[in-house]
Every structure is written in C-alpha cells, then in structure tokens.
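*Asks:* I would like to see how this sequence folds:
(one chain, ligands or ions: 1)
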Amino acid sequence: MPVQVETLSLINAVQALALGLMLWAGTHGDNGPTLMAIRLRALALGIEAAGYAVLALQAFVSPAALLMGGNALNLLAQAMVVVSIRMLLGKPLRIKSATAVAVLGWAGVAWLGIVYPDYRLRVLWGSLAIAANVLLNIEALQGGCRGGGTRARCVLLWVYLLALALVLWRNGALWFGDNPPDQVVTPSPVNVFYVLLSGMQPLLASIGFLLLYNEILRRELHDLARIDPLTGVANRRAIGEVSERMLREARAWRGSVGVLLVDADHFKTINDRFGHEGGDKVLQSLVTCIQSILRTDDIVGRVGGEEFLVLSPGVDAEGVLVLGERIRSTVEREVLQIDGESLRLTVSIGTAVAGPGEWDMNTLRRRADAALYAAKRAGRNRVVAGAELVA
Ligand SMILES: Nc1nc2c(ncn2[C@@H]2O[C@H](COP(=O)(O)OP(=O)(O)OP(=O)(O)O)[C@@H](O)[C@H]2O)c(=O)[nH]1
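*Replies:* Numbering: from 1, shown residues only. Below you'll find the model as predicted:
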C-alpha cells in the first residue's frame, strides 16, 4: 500500500495537537518554572502540529509558503522545546539564544529554497539547526544514563540520540543514496521513513518529558518532607534517618560520631523583643553560624523550635567538646542585626559520642539532652559532655 507524505503529516499534526491540548488542559496551578515548562512544551506541540498541517495541505499552498511557513513553525517549535526542557532541568537557556538558532536555520533554508535553490543543501542546513537544538537537549540531559542519572533522563536522552541519528541518516540517504527525492513531499522511501519517524518524536519526547516532570515533582516532595522550611536544614525526620546511617557506617568502620544538641538561650525573650518574625531571622542566622563551622561530612538538623542536632563523624569525646566550644564561641561573638538593632545570642550545648560500646541513637540523644539540661542549669552559654551523666 503506497504511503503518502501528506497522509503521514496529517496523522502527525493530529497527534501533536492532541498531545499539546492534553498537556495544556491537564496542568494547572501556580506559575512556577516546572509548570511554565509544561505549558511551553504544550505550546510547542501546537506549533509543531501546525507545521505538519502545512505539509499535509501542501497541495493547497504555494511552494514558497510551504517552505517558509512549514520551516518557520518547525524551527520555532524546536526552540520552545529546548527552552522548556532546560527550564525543567534547572539549566535555563535564554529565549534569545534558542531563537537565534531558529532564525539562522530558517534564513538559510529560505535562501537555499528561493535565492539559490538546492534541496540537498537546504535539508543539510535545516538539519544543522535541528542538530543544534537536539545537542542543546542532549547537553542538558548529559550523564542521564550514568550512575548519578535517573531513568527518565536516560529515556529522554535516548529519544534525542535517536533523533540525531535520524537526521544523520536522512542526509546520508540524500547525498549518497540511489534516486534521492528532490522535495520533502516527493513519494520516496527516504521521505516516508523520515516523516514517519520524525512524527513519532513528539509522542516519544512528550512521554520522556512527562516522566522527567514526574521525577522532578517526586524529588521536590521528597525534599519538602525532609527539609525544615524556615532554616533549610534537615528536619527531625531527615536527621533521624541520617543519624541511623551515620551510626551504621561508623560501626562498620569502628569509627565514632560526635553528637551535639545546640539550644538557643533565652529565646523567648528574643521573640518578646523582636516578635516571632524577628525570632525566625535569629534562628536562620544561628543556623548559618553553625554551618560556617561544620565540615562537609557534618550535618545539622532542626529537632525542636530553637534546638538543633549536629552530627560529626570521626569525632571522639575530646573532639566533640572542641567542636561544641567552637560553635558556642562563634555564636557568642557574632553580632546579629535584627530590624536595625544589634543582638548577641548565646547557645548551650550538650554532647555525646557514638562509638564502641554505644551505638543506640536514642541513648545518645538522652545523654546529650541531659548534658544540655545541665548546661542550662549551670547558667547557659556553655558546653557540657554527656558521657558521664546518663548510663
Ligand atoms: N520565632 C520563633 N520562635 C520559636 C519557634 N519555635 C519555637 N519558638 C519559641 O522558642 C521559645 C522557646 O522558649 P523556652 O523553651 O522557654 O526556651 P528559652 O526561652 O530559649 O529558654 P532556655 O532554653 O531555658 O534558655 C518559645 O518562646 C517558642 O515560642 C520558631 O520557629 N520561631
């Protein structure tokens, strides 16, 4: 059964339009970058559909309109796809750069179609623009199939690698094959194969795009469930998970983990003086201050209103007191500016050490808690070791 390029193009147009409408209708919410990316992808599909419709209706439009209109729509859609994918991946590309590729591609195609007509050169030029866009997508998805990558990235990466292969194959067939066609609508195996496969691309790439979107949302949800929204550090749940992992690793390596409970002193008076919002700013500054002292392997988490847990692997009973003292003195020295007023904050710290003989986090927390309580009772702004306080 002979397959016509026009028929395939019509099918591609309907498919791309349906996909675009579904993407648009199926997404709503605030105007965050993730949603913007989806909407942009939906618009790109609509424009891609219009491009295929022009090809399908070629009998009713002039060759010049087919050439200029069809390519303009196609290249514009590709530019929007690049921008949307990079937006979703957090590697934004300026619309200007994407448009520059489209304009350059379109101008060359127009030149090689009207001023200096040469079909093969025109396809080659247009293919370079397509390849540039595909490479921009591949670059953004780089490493998607390696260890640190994700399945959705890998799927999308393969879609674009295949798109690149298709473009290469088409040009190879035009330059080195037998009886190459001299127009995109000429009935020939090269054209039919190319239009068929390139028409499947919006479907495959959209599925990859949605998988990626799903993956990003899942990661955001995962982070939201583990990060304290005020200070941006691990919340009680996350620090609990990290502490279990740290203790397991330290036990396997016969190491140790320093545990420090850091609690702001007289925080109620700060809230009374600066209001809850001012108090929030103080908590944020306190976290920044603590983080400035920690090493990359250390972690701080918020375990109470003005109470933070610091875990420091490889630190022994002596080291944990040194670290506690560094935190205490650094906080004490820091002059905080809250609503134009200067404020000095102090903290009390209770410590414990996980090591041979003690690997239970609950016991360690109780030990550090008791030490913290002792530090408060002794007048605050001090570090107390919990080792000998609770058996
Ligand atoms: N601004 C702000 N305040 C908080 C937050 N969570 C808890 N607090 C306040 O922290 C204060 C803790 O008060 P207390 O437990 O009496 O402790 P304290 O005033 O620091 O006294 P000591 O710990 O004994 O030195 C309370 O006033 C809480 O309202 C928060 O997220 N933001």
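*Asks:* Just give me how far stretch 169-178 sits from the chain centre.
*Replies:* Centre-to-centre, stretch 169-178 and its host chain are 39 Å apart (C-alpha atoms, centre = their mean, to the nearest Å).
*Asks:* whoops, I mixed them up, stretch 359-371
*Replies:* 37 Å.
*Asks:* what comes into contact with that stretch?
*Replies:* 240, 243-244, 247, 250-251, 259-261, 309, 349-354, 358, 384-387, 389-390 (C-beta atoms under 8 Å, 6 or more residues apart in numbering). (C-beta placed from N, C-alpha, C; glycine too.)
*Asks:* same thing with stretch 63-74?
*Replies:* By C-beta under 8 Å, 6+ apart, the list of residues contacting stretch 63-74 from outside reads 47-48, 50-51, 54-55, 58, 61, 105-106, 109-110, 113-114, 126.
*Asks:* Tell me if I am right that residue 149 is in a strand.
*Replies:* No: applying DSSP: H, G, I helix; E, B strand; the rest coil, one finds residue 149 to be coil, outside a strand.
*Asks:* ok, for it, nearest residue in space, not its chain neighbours?
*Replies:* Using C-beta to C-beta, 6 or more residues apart in numbering and skipping the chain neighbours, the partner closest in space to residue 149 is residue 143 (5.3 Å).
*Asks:* To which secondary structure element type does the one you found belong?
*Replies:* Secondary structure, three-state DSSP: residue 143 is coil.
*Asks:* number of nearby residues for residue 365?
*Replies:* Per other C-beta atoms under 10 Å, the neighbour tally for residue 365 reads 19.
*Asks:* same check, this time on residue 307
*Replies:* Neighbours of residue 307 (other C-beta under 10 Å): 18.
*Asks:* Residue 64 now?
*Replies:* If you count neighbours by other C-beta under 10 Å, residue 64 ends up with 11.
*Asks:* That one and the ligand: what is the separation?
*Replies:* Residue 64 sits 67 Å away from the ligand, going by C-beta to the nearest ligand atom, to the nearest Å.
*Asks:* Which of the helices or strands spans that residue?
*Replies:* helix 63-88 (DSSP states H and E).
*Asks:* now residue 380
*Replies:* In this assignment (DSSP H and E), residue 380 forms part of neither any helix nor any strand.
*Asks:* before we move on, the earlier item: could you identify the helix or strand that succeeds the helix holding residue 64?
*Replies:* Downstream of helix 63-88, the first helix or strand assigned by DSSP H and E is helix 95-110.
*Asks:* near the ligand, which residues of the stretch 201-350 of the chain?
*Replies:* Contact residues, the stretch 201-350 of the chain versus the ligand (C-beta under 6 Å from any ligand atom): 230, 263-268, 271, 276, 279-280, 283, 305-306.
*Asks:* run the last query once more with 8 Å
*Replies:* Proximity of the stretch 201-350 of the chain to the ligand, by C-beta under 8 Å from any ligand atom, involves residues 230, 263-272, 275-280, 282-283, 304-306, 348.
*Asks:* just checking, which of the residues you listed belong to helices?
*Replies:* Those of these mapping onto helices are 267-272, 275-280, 282-283, per DSSP state H.
*Asks:* hmm, back to that, now the buried members of the contacts of stretch 359-371.
*Replies:* Among the contacts of stretch 359-371, those classed as buried by 16 or more other C-beta atoms under 10 Å are 243, 247, 250, 259-261, 309, 349-354, 384-387, 389.
*Asks:* all helices of this structure, in order?
*Replies:* Using DSSP H, helices in the chain cover 5-25, 33-56, 63-88, 95-110, 119-140, 151-176, 189-224, 236-252, 267-293, 317-333, 361-377.
*Asks:* Give the closest residue to whichever residue of the stretch 101-250 of the chain sits closest to the ligand in space, chain neighbours not counted.
*Replies:* Closest residue of the stretch 101-250 of the chain to the ligand, C-beta to the nearest ligand atom: residue 230 (5.7 Å). Spatial nearest neighbour of residue 230, excluding adjacent residues (C-beta to C-beta, 6+ apart): residue 280 at 5.9 Å.
*Asks:* what number of residues lie near the one you found?
*Replies:* Using other C-beta under 10 Å, residue 280 is surrounded by 15 other residues.
*Asks:* for residue 90, same thing?
*Replies:* Per other C-beta under 10 Å, the neighbour tally for residue 90 reads 11.
*Asks:* Name the nearest of the contacts of stretch 63-74 relative to residue 83.
*Replies:* Proximity of these to residue 83 (C-beta to C-beta) peaks at residue 47, which lies at 12.5 Å.
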